[in-house]
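S.K.: The following block contains a protein sequence and its predicted model.
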Amino acid sequence: MRKVFSLSMVLGMVLCAPLLGAQAGSANTTPGTVSRITLLRINPGHADMFWQDIRQHSLPIWEEQKRRGLITDYSVSTKTTTENPADWSVAIVVSYKSWGILDGFGARNDTLTRAHYGSAEARTAAAMARIPHAEVVSSFLIRNQTVNPWH
C-alpha cells in the first residue's frame, strides 16, 4: 500500500510540476507595458541633421500618437561612453500599453503619419532622406515587468 501511495505521489508531482512552475512564474511578476528599443549610431558629421529630423518629424508624431492613445510614452537617451567604433550613441524607447495595441498599429498609424508628412510619398522620401544620418545598431521589443511582493 505504501509503494502505491508513494508512486502516486511521485507521479502526481511529475505531472503537476509544469503547472506549478507556470504558476510560480506568473506569481513573481505582473506584465506591464511593451517597449520598442531602437539603438542608433549617428554617422560622423550628421548629428545636426539627425537631431533636426527628430525635432521636425519624430517628436510631433510621438506626441500625436500619445494623444491618440497609440503609445503610452517615449524617450530619447544618449550614450556617454563608446566601447567600439560600431557602438550605438542614441537610444529611442517607444512604449505601448500592451502587446494587443501592436495588432493593427500600422493601419492606425498610417493616417497619422500621412497627415504629418502630407502624403505617403513625402513620408517615404523623408524616411529615405534620414538614412545617411544614422544607422540602426539594434531594435527589439521588451515587456516591462513589476516584481510582485513576497508572500
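M.R.: Received the coordinates, thanks.
S.K.: Only C-alpha atoms from now on, for both contacts and neighbour counts.
M.R.: Noted.
S.K.: Strands along the protein, start to end?
M.R.: Here the chain has its strands, by DSSP state E, at 29-42, 73-78, 90-96, 134-147.
S.K.: who's in contact with the third one?
M.R.: Which is strand 90-96. Strand 90-96 has contacts (Cα atoms under 8 Å, 6 or more residues apart in numbering) with 33-42, 70-79, 102.
S.K.: tell me the centre residue of this protein?
M.R.: With distances taken as Cα atoms, centre = their mean, R36 lies nearest the centre of the chain, 1.8 Å away.
S.K.: any idea how far L112 is from the nearest residue to that one once chain neighbours are set aside?
M.R.: Counting by Cα to Cα, 6 or more residues apart in numbering, R36 lies nearest to L141, which is 4.5 Å off, once chain neighbours are set aside. Taking Cα to Cα, to the nearest Å as the measure, L141 falls 22 Å from L112.
S.K.: if we can go back for a sec, weed out the non-buried ones from the contacts of strand 90-96.
M.R.: Using 16 or more other Cα atoms under 10 Å as the burial test, the contacts of strand 90-96 include 33-42, 70-74 as buried.
S.K.: So which of those is the closest to D87?
M.R.: Nearest to D87 out of the buried ones among the contacts of strand 90-96 is R41 (Cα to Cα; 6.7 Å).
S.K.: Which pLDDT value goes with the residue lying closest to the closest one once chain neighbours are set aside?
M.R.: In space, and not counting its chain neighbours, R41 is closest to W88: 4.4 Å by Cα to Cα, 6+ apart. Among the per-residue scores, W88 holds a pLDDT of 97.
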